[in-house]
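Novice: sequence plus the predicted model coming up.
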Amino acid sequence: MTETYEAAHAEHATGDPRKERVALAGFGLLAVATTGLLLWAHGQPHTGPAPEEDNTSTVQMAPGEAVKKFPPAKVSALRTLASTSLKDARSGNAKGAHAAAQSLRDLWDADQASLQPLDNTGWTSIDAQMDKVLGTFGIDHSNPPMPPAQQEKELNALLTDMS
């Protein structure tokens, strides 16, 4: 059976030009709306994930237990800086307390590679308490410094953990 051209090729249906223009206008509006949405989203502040609110250690250790396996000289240096920060916070020397807390953070961070392998559980426990102390000073946290009473409370807890 031989097909003819007309049988194999259907006649093109012509659409209503008015409907085609309306559809084209609709797609144009959709493109404009999409572009507007993308521009708006691009202009929004780019933020990371929400900060971790509960940074407490799940490990409860007796005072001094967390630092038992750490070198005494390193623990002593950390205690000295924490004590200096506490003394300055109590005396109203906010700048001195903040500076000592920053030095405490710097020393703690510098010693991580040597202390954490000695006792990861102890290091994690002290690190969680250290984070609370730093939070009261607004160091490495987005909050402003907290009142000296809160700083003293967290510094006392850190010193107890390191006793």
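Specialist: Looks like it arrived, so ask away. Everything quoted here is computed from the prediction, not taken from an experiment.
Novice: residues of the longest helix belonging to the chain that come out buried?
Specialist: If you go by DSSP state H, the chain has its longest helix at helix 17-43. Residues of helix 17-43 classed as buried by neighbour count (16 or more other C-beta atoms under 10 Å): none. Heads up, the C-betas are built off the backbone N, CA and C, glycines and all.
Novice: cool, and stretch 108-128?
Specialist: By neighbour count, with 16+ other C-beta under 10 Å as the criterion, the buried positions of stretch 108-128 are 108, 111, 115-116, 119, 122-128.
Novice: hmm, which helix or strand of this protein has the shakiest average pLDDT?
Specialist: Counting by mean pLDDT, DSSP states H and E, the chain has its least confident helix or strand at helix 5-8, which shows a mean of 66.
Novice: turn the buried residues of stretch 108-128 into JSON lines, including secondary structure.
Specialist: Listed next are these as JSON lines, based on DSSP: H, G, I helix; E, B strand; the rest coil:
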{"residue": "W108", "secondary structure": "helix"}
{"residue": "D111", "secondary structure": "helix"}
{"residue": "L115", "secondary structure": "helix"}
{"residue": "Q116", "secondary structure": "coil"}
{"residue": "D119", "secondary structure": "coil"}
{"residue": "G122", "secondary structure": "helix"}
{"residue": "W123", "secondary structure": "helix"}
{"residue": "T124", "secondary structure": "helix"}
{"residue": "S125", "secondary structure": "helix"}
{"residue": "I126", "secondary structure": "helix"}
{"residue": "D127", "secondary structure": "helix"}
{"residue": "A128", "secondary structure": "helix"}
